[in-house]
Structures are given as C-alpha cells and as structure tokens.
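Chemist: give me coordinates for this.
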Amino acid sequence: MPQGLPRHTPEYVAELACHVSELLDVLYGRAQEAAAGPLPPSQFRALAVIEERQRVNQRTLGEALGSRPSSVSRLCDRLEAAGLVERLASSTSRREVELRLSRRGAVVLEDFRASRAREIAVVLETMVPAHLRTLAEGLEQFERAATGHIGLHAVPEDAEGPSGTVA
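Modeler: Predicted structure coming up:
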C-alpha cells in the first residue's frame, strides 16, 4: 500500500492501482489455470486489441501495445501458429497484412475472460454493496480514461457494463 502520500492524489492512487494490479495478476494466474489453455499476458493483450479493432495491421497493434515491431512480429507468428489469429490481405494497401481474431481465438479469449471474471467475482462478493458501487463507478471512469490514452474506442458515458476490452 502507498505510504507517505496524501490520499486522493494521482500519485497515491497510481501506487494503489499498481498494488491492486499485482493482486489481479495473481487472480488472473489462478483463472488461467482454470481456463481451457494457457494464454500468456502478452497474447491476451494482443487478442484484446485485435478483437476491439476487428482488423488491425502489425504497426497499429504494436502502437496499441507499446511494443517494438520485431516483438510484435514474433507475437503475431505465435498467435497465428496457435490458430488464434488469421492474417489477411489489407483492404487498403497491397503491401500490408491485417490481423483478425479467428473463431478459436474468440473462444479462447471468451473462456479466459469468463474464468477471470469468476475468480474476481469471488473477491467482490466479500465487499459491502456501498463499496462495490463506489469501486464500479471509479473503474468505469478509469476505463474511459485508459481506453482514450491507449487509442482504443472510448466508452460512452451512458454505457451500461464493461466494454469487454482489456488491453
């Protein structure tokens, strides 16, 4: 937990979010064990971006992930070899290749998300309703800010429930 920082400052909340992120990593690892197959975090993030964008070239995927082109190329090779994505000729450029989620990739992504949600729900069920409501409101605001920051589609203010994108 953050120490020595005034509460409700971006610095305090950033440190708290990092700590919570580490706890979520543990929960995600537990969920991964329960899911149909292993899905490393880098592959999950790539699949989530590809799903959000529907069709994406490697350069755009790399920008969204904050990764170097060589790393993205190897990642895409692994995703294609696993049958999670398909490479298609670009609709806008003969020199580019676009990626889209395969049916198997969509199933794996959904299975992993469902396992993750079950694991997190167990923790959330221990919270009092008022705190759960406050957490939901804060997470909705964070989702809007984060999707805008990484260049994904912004979630409308009046949208109900999570957008499903986790990059």
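
Chemist: determine the set of other helices and strands touching the lengthiest helix in the chain.
Modeler: The longest helix of the chain (DSSP state H) is helix 10-34. Contacts defined by 3 or more CB pairs under 8 Å, 6 or more residues apart in numbering; DSSP states H and E place helix 10-34 against helix 103-124. C-beta coordinates here come from the backbone N, C-alpha and C atoms, glycine included.

Chemist: now the longest helix of the chain against helix 103-124, angle please.
Modeler: Angle of helix 10-34 versus helix 103-124, following axes from the mean of the first three to the mean of the last three CA atoms, to 10 degrees, is 120 degrees.

Chemist: now do helix 10-34: everything it contacts.
Modeler: Identification of contacts with helix 10-34 by CB atoms under 8 Å, 6 or more residues apart in numbering yields 1-2, 5-6, 38-39, 41, 112, 115-116, 118-120, 123, 142.

Chemist: low-confidence stretches in the chain?
Modeler: Applying pLDDT under 70 to the chain flags residues 1-3, 5, 35-37, 152-167.

Chemist: I'd like the distance from the helix or strand following the longest helix of the chain to the chain centre, please.
Modeler: Sequence-wise, the next helix or strand downstream of helix 10-34 (DSSP states H and E) is helix 41-53. Offset of helix 41-53 from its chain centre (CA atoms, centre = their mean, to the nearest Å): 7 Å.
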